[in-house]
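Student: Return a 3D structure for these sequence lines:
(chains A and B)
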Amino acid sequence: MNRGLLFCRARGMAKAGLLLLLALSISSYLVACGGTPASSGPVTLTFWSWVPNLQQAIDLFEKSHPNIKIKWQNVGSGGTEYTKLTTALKAGSGAPDVVQIEYAYLPQYILSGKLVDLSQYGANDVKDQFVAWTWAQVSSGGKVYAIPQDTGPMGLLYREDIFKKYNLPVPTTWDQYAQEAIQLHQANPKIFITDFSASDGPWFFSLLWQAGSQPFVVNGTTIKIHLDDAAALKVANYWGNLVKSGAVSTAADWNNDWYAALQNGTLATWITAAWAPSDLEGFAPKSAGLWRVAPLPQWSAGEQASANWGGSTDAVTTQCQHPAEAAEFVKWLNTNPESVKILTQKLYLFPSQKSALQDPSFDTANSFYGGQQVNRIFVESAQQVNTSFQWSPFQDYVFSQLQNQLAEAVNGKISFEQAMHNTQNAVVTYARSQGFTVIS
Amino acid sequence: MIPSRHMARHSQTEAIQQAIEVQELAPPSSGLLSSLRHWRHWRHWRQRALIPYLFLLPFLLLFSFFILVPLLYALWTSFFIERLIGGTTFVGLQNYQEVLHDGNFWEGVRNVLLLLFTQVPLMLGLALGLALLLDSQIVRFKTIFRLGYFLPYAIPSVIGALLWGYLYSAHIGPFAQLAELLHWPPPPFLTAAGLLPSIANILTWQWTGYNMVILYAALQAIPPELYDAARVDGASGWEIARHIKIPLIAPAIVLTVVFSIIGTLQLFNEPQIMTAIVPNLIQDHYTPNLYAYNLAFTNQQYNYAAAVSFVLGAVVFVFSYVFMLVTYRRGQR
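Tutor: Numbering: from 1, shown residues only, chains lettered A, B, ... in the order given. Coordinates of the predicted model:
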């Protein structure tokens, strides 16, 4: 009897097991069916971008292009997105059709052959609408790998109240900036003129860019690497001395502590880019009216050198089934006057389009900055960006090595100059191991 | 009289024997073998022999697709080098040779070993103490305490790390603000010296409850008659814990230690989240797992990352195996 019962149960369970198998095979069949793309009807393109509220521009596009649907996804900004993108491109599926990529990261995706050459879809027709250096960074020898979306010419945001209180003029040279950093910190040990974040490789690179450093000259598979050239060592030593003096803080940026420091007057300036003013309104709302903008301090008085930090492009990946439609979308998004107006005036992207820079409605007073015409400073800065600056085709690796070394320097284990030499050596070794011909 | 270890062991074997008797199937029937019955019997036997495999099938399928195949694929890729220019070439064990001489990798291993030898004993001691307390007669509202201790484990570790990142903050954290009110310097949670203890604290907070529940469940499975017998013999609560409870849940303790060895050596979430707060202190190779992740997804050195993962796997295996060997030997003595 005991046995009979057991057997019955086993048989019932065998049935259940069979059912489960059946269910599994059916569901996998359904999944397989769901994955097949529709052959007719409107084309749907997936688009990865971290620009907030981008749907406004997308709606406008879909209205004028009824046969193209855009599925916008924000999968994270900067590095978070690149990690996913690189993995999906490597895996051969799962990448979006259209993707937002910053200038610094374009070369590595171009080199791996994962971006569609848009020149075959008439991208060169819109070339003249963009600021020269941006086009130089998205194209190579007549081939176009992305359309510039926005830029980040640099400037100096500063707390007018603090400078006034301690009777300091707004610095115009880096020497003056360093002197005032020490004076300010002596007058009030709680205040730092700024924060040197060793973990922000792209930011440090923009400082190198402004100083005239030329870390990479890429020519196909031959690459000249000079991360410790005279200009780079000048920048490294400058910040090394400031960090040593204790007059700048060395906390990481882009976290709650840092937002608080910008809001409560712990940090008196922020060396930053044109997209920052609207960001700052978001994470330091209580400091409204206290901030102003000035041009970036210069290495020699009277110079007018600027650099770019951040800013993005829109590219089409080789996994895209409808490259013509995707090319049309990225061109339209960044050149259609109405779309550009939304991007620059509603979403606060700093334009890469010449027309938008000259648009009088772009030059408005901003109450957060005491009624100052903030964009005017950055429009001037945009014209002073060195156009010959190049990125390496493995910029992720360069940033991570630089960040490791700068962290060691900030922790006092090595000098800042040594950090640049170490980064140079690591990058040269890496470039050789990746099959590049390295010349110096 | 103190109940001897021998007595406890004797009762344990008895209990196990009882359990076996209850579960044991009836002996196979004998005699009266008509051909029909024989056939049916054979069919039943065959069905019954196949049924376990049918049940195993979903597991085996999922296991091979999601564990075995990726593992073999990773092993395969670790024998190659993929260059940005020149493509993929077979290099045999070259990647492994490099890992063995990679200072960054061993620095990470040193960090997790430091945690293993300091944080794990502390956490498991705490978990055992709490489990014994909950199992004893002296605690009321056991369910509330059990849930309370377990709660941190139910919070996703990413959220936990974010939460502690805030608590540790030298500017906006509550401890820092309290210190400021008292004109003390901010507590050194996120400094070069304080970081590892701070991470150890997060891990202890998160995993003590989990281990406690495993140990508590093992304690619940001990037949209460043993306690009655011990009490009749005049054993105190402490003596019962020391001489009956702990020896009987030794297998569960071993289990929690092995889990902790594996979990600690593979530490990833907490340092990954805290990198955003203290990137100067937590670099890309702070733990071996973090190193493998950054190699693959930042540096695109997938092959090398695969080799790093397998060497880490070997380290985990060695530590778990040595620990089990040691406890097994001790049990034999």
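Student: What average pLDDT does stretch A:303-316 get?
Tutor: The average of the pLDDT scores along stretch A:303-316 is 95.
Student: Ends of that stretch, what's the gap?
Tutor: Taking Cα to Cα, to the nearest Å, the span from the opening residue of stretch A:303-316 to its closing residue is 39 Å.
Student: again, but for stretch A:67-85
Tutor: Stretch A:67-85 has an end-to-end distance of 26 Å (criterion: Cα to Cα).
Student: what comes up buried for it?
Tutor: A:68-70, A:72, A:75, A:77-79, A:81-85 (16 or more other Cβ atoms under 10 Å in any protein chain shown). (C-beta placed from N, C-alpha, C; glycine too.)
Student: near chain B, from these?
Tutor: A:Gly79, A:Thr83 (Cβ under 8 Å from any Cβ of the partner chain).
Student: mind checking the SS state of the nearest residue to B:Val278 once chain neighbours are set aside?
Tutor: Nearest non-adjacent residue to B:Val278, counting by Cβ to Cβ, 6 or more residues apart in numbering or on different chains: B:Leu190, 4.9 Å away. Three states are possible here, and by DSSP: H, G, I helix; E, B strand; the rest coil the one that applies to B:Leu190 is coil.
Student: got the contact list for B:Leu190?
Tutor: Neighbouring residues of B:Leu190 by Cβ atoms under 8 Å, 6 or more residues apart in numbering or on different chains: B:Tyr168, B:Ser169, B:Ala170, B:Ser198, B:Met274, B:Ile277, B:Val278, B:Leu281.
Student: Highest neighbour count among those residues?
Tutor: Using other Cβ atoms under 10 Å in any protein chain shown as the neighbour criterion, B:Tyr168 leads the contacts of B:Leu190 with 25 neighbours.
Student: which residues sit in contact with that one?
Tutor: Under the criterion of Cβ under 8 Å, 6+ apart, the neighbours of B:Tyr168 are B:Phe175, B:Phe189, B:Leu190, B:Ser198, B:Ile277.
Student: From B:Asn280, how far off is it?
Tutor: As for B:Tyr168, its distance to B:Asn280 is 15 Å (criterion: Cβ to Cβ, to the nearest Å).
Student: ok so, going back, pick out whichever of the contacts of B:Tyr168 sits closest to B:Leu100.
Tutor: Nearest to B:Leu100 among the contacts of B:Tyr168: B:Ser198, at 30.6 Å, using Cβ to Cβ.
Student: Distance-wise, check the closest one relative to chain A.
Tutor: 15 Å (Cβ to the nearest Cβ, to the nearest Å).
Student: Now render the contacts of B:Leu190 as a markdown table, adding secondary structure.
Tutor: What follows is the contacts of B:Leu190, written out as a markdown table (three-state DSSP):
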| residue | secondary structure |
| --- | --- |
| B:Tyr168 | helix |
| B:Ser169 | coil |
| B:Ala170 | coil |
| B:Ser198 | helix |
| B:Met274 | helix |
| B:Ile277 | coil |
| B:Val278 | coil |
| B:Leu281 | coil |
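Student: ok, back up a step: any chance of the buried residues of stretch A:67-85 in CSV with pLDDT, secondary structure and distance to B:Phe55 as columns?
Tutor: CSV is the format used below for the buried residues of stretch A:67-85 (pLDDT from 0 to 100; DSSP: H, G, I helix; E, B strand; the rest coil; distance: Cβ to Cβ, whole Å):
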residue, pLDDT, secondary structure, distance to B:Phe55
A:Ile68, 96, strand, 50
A:Lys69, 96, strand, 45
A:Ile70, 97, strand, 47
A:Trp72, 97, strand, 45
A:Val75, 95, coil, 39
A:Ser77, 88, coil, 46
A:Gly78, 86, coil, 47
A:Gly79, 85, helix, 44
A:Glu81, 93, helix, 43
A:Tyr82, 93, helix, 44
A:Thr83, 89, helix, 39
A:Lys84, 92, helix, 37
A:Leu85, 94, helix, 41
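Student: Please, where are all the strands along the stretch 151-300 of chain A?
Tutor: If DSSP state E, counting those that start in this stretch is used as the criterion, the strands of the stretch 151-300 of chain A fall at A:154-159, A:216-219, A:222-225, A:269-273, A:291-294.
Student: the inter-axis angle of the first one versus strand A:269-273?
Tutor: Taking axes from the mean of the first three to the mean of the last three Cα atoms, to 10 degrees, one finds that strand A:154-159 is oriented at 150 degrees with respect to strand A:269-273.
Student: Parallel or antiparallel, list what pairs with strand A:154-159.
Tutor: The strands beside strand A:154-159 in its sheet (DSSP bridges) come out as strand A:269-273 (antiparallel), strand A:291-294 (antiparallel).
Student: Looking at those strands, which one is packed in the most?
Tutor: Burial of the strands paired with strand A:154-159 is given as mean neighbour count (mean count of other Cβ atoms under 10 Å in any protein chain shown); strand A:269-273 ranks first at a mean of 24.
Student: Could I get the average pLDDT for it?
Tutor: Strand A:269-273 shows a mean pLDDT of 97.
Student: Touching it from outside, list them.
Tutor: Taking Cβ under 8 Å, 6+ apart as the criterion, the residues outside strand A:269-273 that touch it are A:152-159, A:193-194, A:203, A:206-207, A:262, A:276, A:280, A:296, A:308-311, A:350, A:378.
Student: Next up, the contacts around the residue of the stretch 151-300 of chain B found nearest chain A.
Tutor: As assessed by Cβ to the nearest Cβ, chain A sits closest to B:Pro279 within the stretch 151-300 of chain B, at 3.2 Å. With Cβ under 8 Å, 6+ apart as the criterion, the residues that contact B:Pro279 are A:Ser197, A:Ala198, A:Ser199, A:Ala252, A:Gln403, A:Ala407.
Student: What of A:Gln384?
Tutor: By Cβ under 8 Å, 6+ apart, A:Gln384 lies in contact with A:Pro153, A:Gln304, A:Ala305, A:Ser306.
Student: which residue sits closest to it, ignoring its sequence neighbours?
Tutor: Leaving aside its chain neighbours, A:Gln384 sits nearest to A:Ser306 (3.9 Å; criterion: Cβ to Cβ, 6+ apart).
Student: Give me the number of neighbouring residues for the one you found.
Tutor: Residues near A:Ser306, counting by other Cβ under 10 Å, number 23.
Student: Tell me who's in contact with it.
Tutor: Neighbouring residues of A:Ser306 by Cβ under 8 Å, 6+ apart: A:Pro153, A:Met154, A:Gly155, A:Gln210, A:Pro295, A:Leu296, A:Ser381, A:Ala382, A:Gln384, A:Val385, A:Asn386.
Student: so the fifth one touches A:Ile377, yeah?
Tutor: Yes - using Cβ atoms under 8 Å, A:Pro295 is in contact with A:Ile377, at 6.0 Å.
Student: more crowded one of those two?
Tutor: It is A:Ile377, of A:Pro295 and A:Ile377, that has more neighbours when counted by other Cβ under 10 Å, with 23 against 18.
Student: which residues are in contact with the one helix or strand that one maps to?
Tutor: Using DSSP states H and E, A:Ile377 sits in helix A:374-382. Residues outside helix A:374-382 that contact it (Cβ under 8 Å, 6+ apart) are A:131, A:151, A:153-155, A:273-274, A:277, A:293-296, A:306, A:350, A:357, A:362-364, A:366.
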